[in-house]
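Peer 1: here's a sequence, model it:
(one chain, ligands or ions: 1)
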Amino acid sequence: YSSAKNSLGGSRSGEPFGKFSSPIMGEPSEEHRQHLSHPAQGPGIRTATSSTCPADEQLKNTDQHLVELVTNEIVSQAPPVDWSDIAGLELAKATIKEEVLWPMLRPDVFSGLTALPRSILFFGPQGTGKMLLGRCIASQLGATFFRLSGSALVTKWLGEGEKIVHTSFLIARCRQPSVIFVSEIDMLLSSQVSEESPVNRIKTELLMQLDSVLTSAEDQIVVICSTSKPEEIDESVRRYFMKRLLIPLPDSTARHQIIIQLLSQHNYCLNDKEVALLVQRTEGFSGLDVTRLCQEAAVGPLHTMQGPDLSAIMPSQLRPVTYPDFENVFCKIQPSISQKELDTYTEWNKMFGCSQ
Ligand code: ADP
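Peer 2: Numbering: from 1, shown residues only. So this is what the prediction gives:
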């Protein structure tokens, strides 16, 4: 079991920061490239091209404008994400590996023991890596990643939202294994949505699709929804999520990891004490807040250059990023989550979460 676990990207003991690379600032690692050409496919996973699927027929009769929209804007082309790209979240990662990925990758071994967990809810503060985890699951399964947003469906695409959801699931069936990620799911599944509202049609379509994913024995589709407002989800639809996982703020080790990784892409001069101070001062920051802080501090050397012709500057002419560059941006970037909000997540987790 443990060697199999390692093949999923498993334990990183003994290399606390070595392999971490930021998915937004870094190039895909060699490990990623290898992963792309040899996705982690077990015997239970079909390849995206091998299936002759009835959904193909339905797709031919679907409005081509919708097919193009989903293919171009919903199917993600983002580079794959590895476990080591995600700092911290050890409990969530372990739960996902053991309770989601393994049963998906080896249904022959897990059959009869437990129903395949095809629907997951990630809840917690914004910017803590929920989407990164979704992308990582898709990468580990060698799956097509579909990225829907609750807020885009109810604003930008309100008139077509229901059809976009329908078409996304149709294409997901044709291109399986697939992971469908829906952010801000509270916008669609809120108890506030009235029956007459056009949002209700999107909600009904999504629940129908979820139902069919949950009851289909063959489809290799995982639906992951994320929210920073789990308490707004209608209690009657909570049961649609087989796993409900809290994705918390990064602890000090995770913040250290994010800072060091982002700094390592620049010329920097900070001693261990200064880095420890940064870790301390970012208590309460989300992963996204820490990332923004480092990005802003990294342009500090540019601001202090004499002479206006920035286009002619070579990177080697820039002074290193130093602690005062961080001092200058701390006033601009504050933790975006209050203690009250954090308490709400802890409470909701106690009542409805799958990890304590
Ligand atoms: P969420 O879906 O929880 O709102 P995302 O997964 O979209 O947040 O994260 C936004 C960005 O913040 C990521 O692209 C990454 O740069 C950074 N980030 C957040 N959490 C982490 C983490 N645990 N490890 C590394 N980077 C993170």
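Peer 1: from the rest of the structure, what touches the one helix or strand residue 162 maps to?
Peer 2: Following DSSP states H and E, one finds residue 162 within helix 161-174. Residues outside helix 161-174 that contact it (CB atoms under 8 Å, 6 or more residues apart in numbering) are 51, 53, 55-56, 58-59, 62-63, 66-67, 69-71, 74-75, 144, 146, 148, 153-154, 157, 178, 180, 198-199, 201-202, 204-206, 209, 212-213, 219, 221. (Each C-beta comes from the backbone N, C-alpha and C, glycine too.)
Peer 1: against the ligand, how distant is the nearest residue to residue 56 once chain neighbours are set aside?
Peer 2: Leaving aside its sequence neighbours, residue 56 sits nearest to residue 174 (CB to CB, 6 or more residues apart in numbering; 5.5 Å). Distance from residue 174 to the ligand, counting by CB to the nearest ligand atom, to the nearest Å: 26 Å.
Peer 1: residue 144 reaches residue 180, doesn't it?
Peer 2: No: if you go by CB atoms under 8 Å, residue 144 and residue 180 don't touch, sitting 9.2 Å apart.
Peer 1: which one's more surrounded, those two?
Peer 2: residue 180 (28 against 19; other CB atoms under 10 Å).
Peer 1: beta partners for that one?
Peer 2: residue 146, residue 223 (DSSP bridges).
Peer 1: mind listing what the residue positioned nearest the centre of the chain touches?
Peer 2: Central residue of the chain (CA atoms, centre = their mean): residue 131, 1.5 Å from the mean position. Neighbouring residues of residue 131 by CB under 8 Å, 6+ apart: 147, 181, 183, 226.
Peer 1: tell me the spacing between the nearest residue to the second one once chain neighbours are set aside and residue 285.
Peer 2: Closest residue in space to residue 181, ignoring its immediate chain neighbours: residue 134 at 4.0 Å, by CB to CB, 6+ apart. For residue 134, the distance to residue 285 equals 21 Å [CB to CB, to the nearest Å].
Peer 1: near the ligand, which residues of this structure show up?
Peer 2: 22-24, 86-89, 126-132, 226, 250, 254, 258, 287-288, 291 (CB under 6 Å from any ligand atom).
Peer 1: and stretch 146-156, what's buried?
Peer 2: By 16 or more other CB atoms under 10 Å, the buried positions in stretch 146-156 come out as 146, 147, 148, 149, 150, 152, 153, 154.
Peer 1: show only the entries of those found in helices.
Peer 2: Among those, DSSP state H puts 150, 152, 153, 154 in helices.
Peer 1: from those, which shows the smallest pLDDT?
Peer 2: Minimum pLDDT across those is recorded for residue 154, with 90.
Peer 1: show me what contacts that one?
Peer 2: So residue 154 contacts 161, 187, 188, 199, 202 (CB under 8 Å, 6+ apart).
Peer 1: one more: residue 134?
Peer 2: Applying CB under 8 Å, 6+ apart, the residues near residue 134 are 122, 145, 179, 181, 224, 226.
Peer 1: again, 7 Å this time
Peer 2: Each residue near residue 134 by CB atoms under 7 Å, 6 or more residues apart in numbering is listed here: 179, 181, 224.
Peer 1: residues in contact with whatever residue of the stretch 201-350 of the chain ends up closest to the ligand?
Peer 2: Closest residue of the stretch 201-350 of the chain to the ligand, CB to the nearest ligand atom: residue 287 (2.2 Å). If a contact means CB under 7 Å, 6+ apart, then residue 287 has 87, 127, 128, 129, 250, 258 as its contacts.
Peer 1: just the ones in helices among the buried residues of stretch 146-156 now: which is nearest the ligand?
Peer 2: residue 150 (12.0 Å).
Peer 1: hang on, isn't that closest one packed against residue 190?
Peer 2: No: Residue 150 is beyond contact range of residue 190, at 9.2 Å (criterion: CB atoms under 7 Å).
Peer 1: residue 149 is in contact with residue 76, correct?
Peer 2: No: with contact defined as CB under 7 Å, residue 76 does not count as touching residue 149 (11.8 Å).
Peer 1: and the residue nearest to residue 181, what element?
Peer 2: Short version, using DSSP H and E: residue 134 is in helix 130-141.
Peer 1: surely residue 336 is in a helix?
Peer 2: No: read with DSSP: H, G, I helix; E, B strand; the rest coil, residue 336 is coil and lies in no helix.
Peer 1: OK, contacts around it?
Peer 2: Residue 336 makes contact with 286, 289, according to CB under 7 Å, 6+ apart.
Peer 1: looking at it now. What's its pLDDT?
Peer 2: Per-residue confidence at residue 336 stands at 78 (pLDDT).
Peer 1: and the pLDDT at residue 115?
Peer 2: pLDDT at residue 115 comes out at 65.
Peer 1: with the one 10 residues further on instead?
Peer 2: Turning to residue 125, the model gives it a pLDDT of 96.
Peer 1: and residue 83, by the same measure?
Peer 2: Looking at residue 83, its pLDDT reads 96.
Peer 1: so it touches residue 93, yeah?
Peer 2: Yes: in this structure, residue 83 is within contact of residue 93 by CB under 7 Å, at 6.1 Å.
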